[in-house]
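Asker: Here is the input, now give the coordinates:
(chains A and B)
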Amino acid sequence: MSPLAALLLRDMRIAVRVGGGALIGVLFFLAVVSVTPFAVGPDLALLKRIGPAILWLAALLASLLALDRLFASDHEDGSLDLILTGRAPLELVVAAKGIAHWLTTALPLVVAAPLIALLLDLDGSAEAGLVLTLLVGTPALTFIGLIGAAIAVTLRRGGLLLAIIVLPLTVPVLIFGVAAANAAIAGPVPFGTPFTVLCALTLASLVIGPFAAAAALRLDME
Amino acid sequence: MRLSAVDLACRRGGRDVFSGVSFNVGAGELLAITGRNGAGKSSLLRIVAGLIRPVGGRLWLEGGEPELSIAEQVHYLGHQDPVKPSLSVLENLQFWAAFFAGAIKVDDALELVGLGAIATLPAGYLSAGQRRRLSIARLIAVKRPIWLLDEPTSTLDAAAQHRVAEFMRTHLSEGGLVLAATHSALGLSSIQELSLDRSVRSHAHSDVAGMEQPAAVAP
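Answerer: Numbers count the residues shown, from 1 in each chain, chains lettered A, B, ... in the order given. You can find the predicted model right below:
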C-alpha cells in the first residue's frame, strides 16, 4: 500500500469510529435545515425561494465543524512530526487528508441533501440541480478549509480563528453554489453559467489548498 | 555511513538554546546526548530530524541514500507517542509501516515488543508504557539507518528498558546509528557522550544562571 493510500484509509477509519467527526457535519446539516421551516413559517413559496441558500449555508457551516481537528489531532500526538519525516511530499499528504475529510464529512451531507430538500418543498429536477452543486462545491469548501486548519494547527482553541480565516475565502463558492442551485430551480440564468464558475472555483482550490496548507504547516513546525 | 555536525546552533522562542555543538557518529556508534532540562537535547534531535532549522552550523551524512534527505532516513522517537486511540494496536503499527515503507507485515515487531497478545485491542486502552512500546515497534517494523531517540525508556519498566537496549545493540551491530537523549545509561557500552551543558553555559542568559543559583547554595 502506498503511503498516501495508507493515510487516507487511516483518516477515514478514525473518522467513522467512536469519537470521530464523520457524522457531526451531517447531523448539524440536518438539524439546521430541518428547523428552518419552523422558523420561517409555512409559506411554501418563500421556502422554495430561500431553500438553496439555507442548504448551502448549512453545508458551509457543517464543513467548518470538524475542520479544526484535521491537523491539530495529528500535531498533538506527534503524528505530524513523523509524517514530516516520511517520504511522501507534504502537499500530497495534505491533499490525501483533505480527500479523507471530504469523503467522511461532506459526502454524507451530499447524500442526505435530497431527503432534506423535501422539507423545503423542492421538486425532482430542482433537487437534482441542488445536489449536483453540493457535490461539486463541497470539495472547494474542504480544500479551502485545509488552509485554515493548517494555520490554526498549533492553537488550542483554533476553531473560531479557523472560521474567521476560512469564511471570507468561501464566499465565492457560496455565491456561485447558490446561484447555480437557484438557476436550476427558477432560472432565468441558464444553470450552466454559474455552475461552470463553481467547477472552476473547486478546481482552483484543489490545487491551491494543498500547497498553501503545506506551506502553513512547515511554518507552524518551526 | 557517518553523520557529522559542525557548530550547530539552535534558537527557540528568541532564546539561544545552544551553539557550537559538533559531533561525528559513524556506523555502529551510539551518541548519548546529555544535559539538564532545557539544555536542548530534544531540540538537537529535532534539528537532525529536519523538524526545526538550526540558526547556524552544518549537518551532513556520508554514505547514506544520496537521493534522500537526512530526515527521510531517520526514525524519530519523540516525547509523544503517535498512537490513535480509536484504532487497534495492530492498525496503528500497520499505518506507520505502510506510510514509511509500504510494508504490511508487522506481526513480528509487535511480538518483539510484547504487544502481540493485544494486537486487536483499541489503542486507547494502552498504558503509557505500552504506547511507548508500540512506538518502538515502528523502529523495528521499518528499517531506517539513523535512530533519534528522545528519552526512549522514560515510561518503561526495567524489563522493557532492557529489551530496548537490546534492540539498540542489534541496530548498532547491523551498522545503524543511534542518537539518544537520555538521563539513564541504558546499559550500553561503547557510548560517545555529547554534553550540552557546556555549550549552554558559555551562552547562558541571566535567567538560566539564576536557576542554578539556589541549587548551589542549598545545603
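Asker: Ramachandran coordinates for the nearest residue to B:Ser88 once chain neighbours are set aside?
Answerer: Leaving out its chain neighbours, the residue that sits closest to B:Ser88 by CB to CB, 6 or more residues apart in numbering or on different chains is B:Thr120, at 5.1 Å. C-beta coordinates here come from the backbone N, C-alpha and C atoms, glycine included. Main-chain torsions, B:Thr120, degrees, to the nearest 10: phi -90, psi 0.
Asker: what's the answer for the one 3 residues further on, then?
Answerer: Dihedral angles of B:Ala123 (phi, psi; degrees, to the nearest 10) stand at phi -70, psi -10.
Asker: List the residues that contact the residue nearest to B:Ser88.
Answerer: B:Ser88, B:Val89, B:Leu90 (CB atoms under 8 Å, 6 or more residues apart in numbering or on different chains).
Asker: same thing but at 10 Å, please
Answerer: Going by CB atoms under 10 Å, 6 or more residues apart in numbering or on different chains, B:Thr120 touches B:Ser88, B:Val89, B:Leu90, B:Glu91.
Asker: which of these has the most neighbours?
Answerer: Within the contacts of B:Thr120, most neighbours by other CB atoms under 10 Å in any protein chain shown means B:Val89, with 27 neighbours.
Asker: Pretty sure that residue sits against B:Gln130.
Answerer: Yes. Under the criterion of CB atoms under 10 Å, B:Val89 makes contact with B:Gln130 at 8.2 Å.
Asker: near chain B, which residues of chain A?
Answerer: Chain A comes close to chain B at residues A:1-7, A:9-11, A:13-20, A:73-88, A:93, A:221-222, as judged by CB under 10 Å from any CB of the partner chain.
Asker: what separates the residue nearest to B:Ser88 from B:Pro85, distance-wise?
Answerer: To B:Pro85, B:Thr120 is 14 Å away according to CB to CB, to the nearest Å.
Asker: on that earlier part again, and for B:Val89 and B:Gln130, which residues touch both?
Answerer: B:Val83, B:Val113, B:Leu115, B:Ile118, B:Leu121, B:Ala123.
Asker: With respect to chain A, which of the residues you listed is nearest?
Answerer: Within the shared contacts of B:Val89 and B:Gln130, the smallest distance to chain A is 6.7 Å, found for B:Val83 (CB to the nearest CB).
Asker: how far out from the middle of the chain is the lengthiest helix in chain A?
Answerer: Longest helix in chain A by number of residues (criterion: DSSP state H): helix A:192-221. Put simply, helix A:192-221 sits 12 Å off its chain's centre (CA atoms, centre = their mean, to the nearest Å).
Asker: Show me which positions of it end up buried.
Answerer: Buried residues in helix A:192-221, counted by 16 or more other CB atoms under 10 Å in any protein chain shown: A:194-195, A:197-199, A:201-202, A:205-206, A:209-210, A:212-217, A:220-221.
Asker: Distance of the residue nearest to B:Ser88 relative to A:Ile175?
Answerer: 49 Å.
Asker: same deal with B:Ala32?
Answerer: Using CB to CB, we find B:Ala32 at a distance of 61 Å from A:Ile175.
Asker: cool, A:Thr154 as well?
Answerer: 32 Å.
Asker: Then A:Pro168?
Answerer: For A:Pro168 relative to A:Ile175 (CB to CB), the value is 12 Å.
Asker: Who has more neighbours out of these two?
Answerer: A:Ile175 (15 against 9).
Asker: In helices, which of the residues of chain A next to chain B fall?
Answerer: Per DSSP H, the subset of these in helices is A:3-7, A:9-11, A:13-16, A:73-76, A:79-84, A:93, A:221.
Asker: just to revisit the earlier point, for ChimeraX, write a command that selects the buried ones of the residues of chain A next to chain B.
Answerer: Selection of buried members from those for ChimeraX, criterion 16+ other CB under 10 Å:
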select /A:1,3,4,6,7,9,10,11,13,14,15,20,73,74,75,77,78,79,80,81,82,83,84,85,86,88,93,221
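Asker: and the helix or strand in which A:Leu169 is found, what other elements does it pack with?
Answerer: Using DSSP states H and E, A:Leu169 sits within helix A:159-185. Applying 3 or more CB pairs under 10 Å, 6 or more residues apart in numbering or on different chains; DSSP states H and E, we find helix A:159-185 packed against helix A:44-65, helix A:69-76, helix A:124-151, helix A:192-221.
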